[in-house]
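In: Predicted coordinates and the sequence they were generated for:
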Amino acid sequence: MGHSLSQLTSRTMSLPPPLPVIAPKPRSKFITLLAWLMMIVGGIGLPISLISMLMIIAHSNGTEKSDPVGFCIVVLGPALLLVCGFGLLRRWWFAWVGTLVLLVVFILSNVRLLIQGPRPETTTYDSTGVPTTVMGSGANYSSVPIIAVCAGLITKLLSRGVRDNFTSPLPPANKFFSPATLHPSWRVGHTGRDMMYYEEKVNGQWERIDISGEMLMGRAHHVIYFASSERWLEYPEWARHRRGEIIERIKSEFREPDYEYHGL
């Protein structure tokens, strides 16, 4: 009985300490506001998009001239705004990418208008002799603030605080590693989406300590939260007084800039 109780106590002491609770990152109000704005604008423009599509299908006057950029903005734009806006609201990563693409296209279209400069009035005739007149326009200086606003939105969307609101499309990092083959006496790896572990062969058996982590969206796809020196003393005996050595081993495999470290 005493021997069984001793084994149970020894096994309990070898377990890693409870992991620190990591508070979820707050949802970006900027993303929520931008998502609703995109859906409202897309909803308002959707009837115009449908009417323009019907006119193109019916070959109405004025639709003979091909304008791919105009087609994308007028016909496809409202639907894309609705889809991307809803995706941003749900924090889907593909909506974040799609919004960036839409903003880049919008910038390029306005840059094109600036380069074209003033446009004279033109009249064209279809095969039946029906004329179509396109009114002239002056220099499109209104494109400058539009370009500036789009560039500001792109900068904000690429910022760390906004990117962290979206789930990374990358698969878990453990799919890129074969931890058991890295070193004969120790190994590191991922468990689940966020957590990591360090294992070491002690007296012929693999012993593990869990390392807190969190998946990120960006160049660094994970942050590692190392326990403080005081907290580290709660780890099993084999790891208790080797904090610096073990951390260096973990960092040698989970390297910057793919990983960030907290608590060093």
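Out: Great, that's in hand.
In: gap between residue 112 and residue 211?
Out: Taking CB to CB, to the nearest Å as the measure, residue 112 falls 51 Å from residue 211. In this view, the C-beta of every residue, glycine as well, is placed from N, C-alpha and C.
In: Who are the contact partners of residue 207?
Out: 14, 199-201, 236, 238-239 (CB atoms under 8 Å, 6 or more residues apart in numbering).
In: ok, and it, which helix or strand is that part of?
Out: Counting by DSSP states H and E, the element that carries residue 207 is strand 205-215.
In: quick revisit: of the contacts of residue 207, just say which sits nearest to residue 104.
Out: Of all those, residue 199 has the smallest distance to residue 104: 45.0 Å, by CB to CB.
In: Am I right that the closest one falls within a helix?
Out: No. Counting by DSSP: H, G, I helix; E, B strand; the rest coil, residue 199 falls outside a helix, being strand.
In: quick one, what contacts it?
Out: Taking CB under 8 Å, 6+ apart, we find residue 199 in contact with 179, 186-189, 206-208.
In: give me the beta-bridge partners of it?
Out: Beta-bridge pairing of residue 199 under DSSP bridges involves residue 187, residue 208.
In: where does the chain have low pLDDT?
Out: Residue ranges of the chain with pLDDT under 70: 1-26, 56, 58-73, 117-121, 126-127, 133-140, 167-182.
In: what ranges do the strands span in it?
Out: Under the criterion DSSP state E, the chain contains strands at 122-125, 131-134, 186-191, 195-202, 205-215, 222-225, 259-262.
In: in the third one, what counts as buried?
Out: What it means is strand 186-191. Using 16 or more other CB atoms under 10 Å as the test for burial, strand 186-191 gives 186-190.
In: Report the angle between that strand and strand 205-215.
Out: Relative orientation of strand 186-191 and strand 205-215, computed by axes from the mean of the first three to the mean of the last three CA atoms, to 10 degrees: 40 degrees.
In: how much space between residue 88 and residue 162?
Out: For residue 88 relative to residue 162 (CB to CB), the value is 10 Å.
In: residues touching the closest residue to residue 104 other than its chain neighbours, list them.
Out: In space, residue 104 comes closest to residue 154 once its chain neighbours are excluded; the distance is 7.2 Å by CB to CB, 6 or more residues apart in numbering. By CB under 8 Å, 6+ apart, the contact set of residue 154 is 100, 103-104.
In: mind listing what residue 76 touches?
Out: Remark: with contacts taken as CB under 8 Å, 6+ apart, residue 76 is in contact with residue 49.
In: Buried ones among the contacts of residue 207?
Out: Of the contacts of residue 207, these count as buried by 16+ other CB under 10 Å: 199-200, 236, 239.
In: of those residues, closest to residue 124?
Out: residue 199 (74.0 Å).
In: export the contacts of residue 199 to a markdown table and tack on distance to residue 95?
Out: Formatted as a markdown table, those follow (distance: CB to CB, whole Å):
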| residue | distance to residue 95 |
| --- | --- |
| 179 | 34 |
| 186 | 41 |
| 187 | 37 |
| 188 | 34 |
| 189 | 31 |
| 206 | 42 |
| 207 | 43 |
| 208 | 38 |
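In: List just the nearest of those to residue 245.
Out: residue 186 (9.9 Å).
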